[in-house]
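Enquirer: got a sequence here, can you build the structure:
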Amino acid sequence: MIRVETCRVLVLLLCLAWGAGLVWAETPIFHPRTLLGGEYWGTTAKEGYLNYLGAVQPDLIHGSLLGPELCSSVYGAGKLVGITPVYPPVGTVKEYLAWWKNFNAEAHQRGVKVQGTFSLTYVWGDQEKHTGFFKYYDDLWEADVLGPKPAPTPDAFLRVDAEGKPVHDKYNDWYTYSGCPNNPTWRQLLKQMVKAGIDAGFDGFMVQFPYFDGRCVCPSCQAKFKAFLAANYTKEELANEMGIPDLAAHKFTIIGSPEKTTPSTPAKPESKEAMYPKLDLAARRFGAISIKDCFDDVFVNYGRTLKPDLVLSMWTHFRQFVTEDAVNSDFNNYLDERTLLPIERWGQGENYLWYSSPMYKSDLKNGVLGDSALDGRVLRAMAGDRAFELLKYDYFRWRLVTAESLAQGGICFGAWEGGWSGGQDREQPNHLQSYYQFIRDNDKYLNPGQRESYADVAMIYPRQAILAGDATFFGPFRDIGRALLKAHVLFDVIIDQKMTDADLAKHKVVIVFPSQVTEAQRQLLSRYIKAGGKVIVHDAHLVDGSLNLEGDLSNREETARKITGLAGITFSTFDAPWTVEVYADRQPKKNRVLVHLVNFNRDESQGNKELPLAAAPVKMDLRLPAKFKVSGVQFLTPEVKGAQKVKFTQQGDRVQLTTPGYLVYGLVVIQGR
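Expert: As a prediction, the model looks like this:
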């Protein structure tokens, strides 16, 4: 009897623990370090690719086209294309998945995971001519693979405008249509396709086209947008600032301002006011949440019931962000599908965060490195302990792309063939093999999960300003960041919504942009100042003891001098040209400091080639953590086998050393006692 009661109690405790989310045997989270993509742009199977994977051993590849986009073009046997070609060019979904099931098994034998690219919204075709997705759905649907049709016709789940017509846009010889992420029938269709992909042995999905379209005013969008407005705005705000006196009776002709199909422009860049129309801002917030809700429902909550270790990511974008030549003080130019999500939902459920940026090209004679130094720092701060990839569409600088990712703590990306990676001087015979082997050999230093940023200065990224519709801080943020980069000041980024006393205490100086700072954050900054930290505020007084950075920021050298003068301390220094960027990390548990050197210098006279020009030795005077005693220094670079010992001199809390020369990436490992 006692045993029976004991068992009952144990069962009850297990149930309670499960209900509270305390799962005792959680599935380990897969965080890729190396990734190959772009292979699915091929239209025929590439001989030798599996052998190449076995040699290079990436953690993960993007290997296929799945979901609604596949159904749009598969019956053309490679001759029909939405955006992504069908690879291999077979004629049915059943044949296609059978081919990939065999490929996936071969990849798994080589220790490589395979992620299929999967459209969240887009389909292609011409409804009037009954081509593309419409032909497949009506005439060719393969119920034995995809299950029964979730509705008799596509009209049941496509986005529709105020006239009840499907929303569509011209794209090459076809049109782009979209399923509505708020429509439960569309979500059901996606779920059936997710199951088919899992059955074919895919490890997960890279979810593409996570786009909300305010032109859709279907019943699902109408009802959900009204519920969102009612939950987040008062009746007075709705009536006086959004022109909606009776929300229940209101009928939206567009999700946003009724006279617009895209959100309106805000105040001029020089304005200090956040004037983005409240209804349009609400629509963009709602759109971001709608996409996230669909992703979670289909891939996280459903997909992981079928495969608990399903590898998930979402293909999102930086547009006109904080690059050297961006023009983005206008809120409309800040396009990021996650921008307006609540901070706790940003990236939730994803194995890694993926951002595509505009194509970054170097133009050294005009002072442009083509780097992602600011984008990467912001993304690293947002991602926290999650893996992330910043795709620059850098077709030829394959060493540099890897080096920059290593320095930022991101995923190292490349591709086997085509313009995607390496141009005409890619590594032979197995492109990327030496760099990926270098990453594996030095995992104890390079694993992002085992290091944290080490910097003299932190820039506070005001995400709250974006949530309020104010992007006027972007110009100053970019100018100050660029000034710090050019002066080789070690700095990183803290997100305002994630800022803590502990984060601030790791830095000697923090730079604040005054947009939308909360009272709680002011108190954090005041405590930081009282503890001896320096707070520099751009063009404003924020708290007692803060220092004002005034004037024109366009002269980068002068801006760096102003910051150094206001700080009143000696930062770490690096005797290196402007074509070298410097990052640093700490490994507190191993008592190590790491310094990453990334050399952007190259011969630009020949197109389609990287042609790096070797960097000279770098002399550095590095500030060390408190009570840190150096026991030895080593230098690592992919082009030299093994570690090189480096002489050093320690004086108090600073160490002086000179590195060997290197080609593109150099890692200084400073070991403490």
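
Enquirer: low-confidence stretches in the chain?
Expert: Scanning the chain for pLDDT under 70 picks out the ranges 1-27, 38-46, 257-275, 320, 323-335, 417-422.

Enquirer: can you give the domain ranges for it?
Expert: As assigned by automatic domain parsing, the chain contains the domains 219-280, 457-567, 574-672.

Enquirer: where does residue 394 land in three-state SS?
Expert: Of the three states, residue 394 takes coil according to DSSP: H, G, I helix; E, B strand; the rest coil.

Enquirer: which SSE is the residue nearest to it when sequence neighbours are not counted in?
Expert: In space, and not counting its chain neighbours, residue 394 is closest to residue 401: 5.2 Å by C-beta to C-beta, 6 or more residues apart in numbering. For glycine as for every other residue, the C-beta is placed from the backbone atoms N, C-alpha and C. Per DSSP states H and E: residue 401 is located in helix 398-408.

Enquirer: and the residue nearest to residue 394, what does it touch?
Expert: 392, 394, 412-414, 421 (C-beta atoms under 8 Å, 6 or more residues apart in numbering).

Enquirer: I'd like the residues you listed laid out as CSV, including distance to residue 223.
Expert: Compiled in CSV, the contacts of residue 401 are given as follows (distance: C-beta to C-beta, whole Å):
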residue, distance to residue 223
392, 40
394, 44
412, 44
413, 40
414, 45
421, 46
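
Enquirer: looking at those residues, which one is closest to residue 143?
Expert: residue 413 (37.6 Å; C-beta to C-beta).

Enquirer: just confirm that closest one contacts residue 388, I think it does.
Expert: No. The pair residue 413 / residue 388 is not scored as a contact, 10.8 Å apart, by C-beta atoms under 8 Å.

Enquirer: before we move on, the earlier item: just the buried ones from the contacts of residue 401, in ChimeraX syntax?
Expert: Entered in ChimeraX, the line below selects the buried ones among those, by 16 or more other C-beta atoms under 10 Å:
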select :392,394,412,413,414,421
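
Enquirer: for the contacts of residue 401, which one is nearest residue 443?
Expert: residue 412 (12.3 Å).

Enquirer: OK, contacts around that closest one?
Expert: By C-beta under 8 Å, 6+ apart, the residues touching residue 412 are 33-35, 401-402, 405-406, 435-436, 439.

Enquirer: turn these into JSON lines, columns for distance to residue 278.
Expert: Formatted as JSON lines, the contacts of residue 412 follow (distance: C-beta to C-beta, whole Å):
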{"residue": "33", "distance to residue 278": "43"}
{"residue": "34", "distance to residue 278": "44"}
{"residue": "35", "distance to residue 278": "40"}
{"residue": "401", "distance to residue 278": "41"}
{"residue": "402", "distance to residue 278": "44"}
{"residue": "405", "distance to residue 278": "39"}
{"residue": "406", "distance to residue 278": "43"}
{"residue": "435", "distance to residue 278": "49"}
{"residue": "436", "distance to residue 278": "49"}
{"residue": "439", "distance to residue 278": "47"}
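
Enquirer: in the stretch 351-500 of the chain, which spans are helices?
Expert: Using DSSP state H, counting those that start in this stretch, the helices assigned to the stretch 351-500 of the chain run over residues 373-383, 398-408, 433-441, 443-446, 463-467, 474-486.

Enquirer: to clarify, my last question referred to the stretch 1-150 of the chain.
Expert: Under DSSP H, counting those that start in this stretch, the stretch 1-150 of the chain gives helices at 2-19, 49-56, 68-73, 93-109, 133-135, 143-146.

Enquirer: who are the packing partners of the fifth one?
Expert: Translated: helix 133-135. helix 68-73, strand 122-126 (3 or more C-beta pairs under 8 Å, 6 or more residues apart in numbering; DSSP states H and E).

Enquirer: any chance of these in TSV, with mean neighbour count and distance to residue 462 too?
Expert: Shown next, in TSV, are the helices and strands packed on helix 133-135 (neighbours: other C-beta atoms under 10 Å; distance: least, C-beta to C-beta, whole Å):
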stretch	mean neighbour count	distance to residue 462
helix 68-73	27	37
strand 122-126	24	33
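
Enquirer: how about a markdown table for the ones you listed, with distance to residue 241 added?
Expert: Formatted as a markdown table, the helices and strands packed on helix 133-135 follow (distance: least, C-beta to C-beta, whole Å):
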| stretch | distance to residue 241 |
| --- | --- |
| helix 68-73 | 38 |
| strand 122-126 | 33 |
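
Enquirer: tell me which of those lies nearest to residue 367.
Expert: Of all the helices and strands packed on helix 133-135, strand 122-126 comes closest under C-beta to C-beta, at 38.6 Å.

Enquirer: so what strands line up beside the closest one?
Expert: Sheet pairing of strand 122-126 (DSSP bridges) gives strand 131-132 (antiparallel), strand 174-178 (antiparallel).

Enquirer: mind checking which of those is nearest residue 29?
Expert: With C-beta to C-beta, the closest approach to residue 29 among the strands paired with strand 122-126 belongs to strand 174-178: 31.0 Å.

Enquirer: for the helix or strand that the closest one is followed by, list the C-alpha coordinates in CSV.
Expert: Under the assignment DSSP H and E, the closest C-terminal helix or strand after strand 174-178 is helix 184-199. Extracted in CSV, the C-alpha atoms of helix 184-199 (Å, rounded to 0.1, in the frame of the first residue of the first chain):
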residue,chain,number,x,y,z
PRO,A,184,-6.1,29.2,-39.2
THR,A,185,-6.6,27.3,-42.5
TRP,A,186,-3.3,28.7,-43.9
ARG,A,187,-1.6,27.6,-40.7
GLN,A,188,-3.1,24.1,-41.1
LEU,A,189,-1.7,23.9,-44.7
LEU,A,190,1.8,24.9,-43.3
LYS,A,191,1.6,22.3,-40.6
GLN,A,192,0.8,19.5,-43.1
MET,A,193,3.9,20.6,-45.1
VAL,A,194,6.0,20.7,-42.0
LYS,A,195,5.1,17.1,-41.3
ALA,A,196,6.0,16.0,-44.8
GLY,A,197,9.4,17.7,-44.4
ILE,A,198,10.1,16.0,-41.1
ASP,A,199,9.1,12.7,-42.5
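
Enquirer: outside of helix 184-199, which residues touch it?
Expert: 66-68, 71, 93, 97, 101, 116, 118, 120, 145-147, 150-151, 156-158, 179-181, 205, 220, 294, 297-299, 302-303, 306-307, 310.
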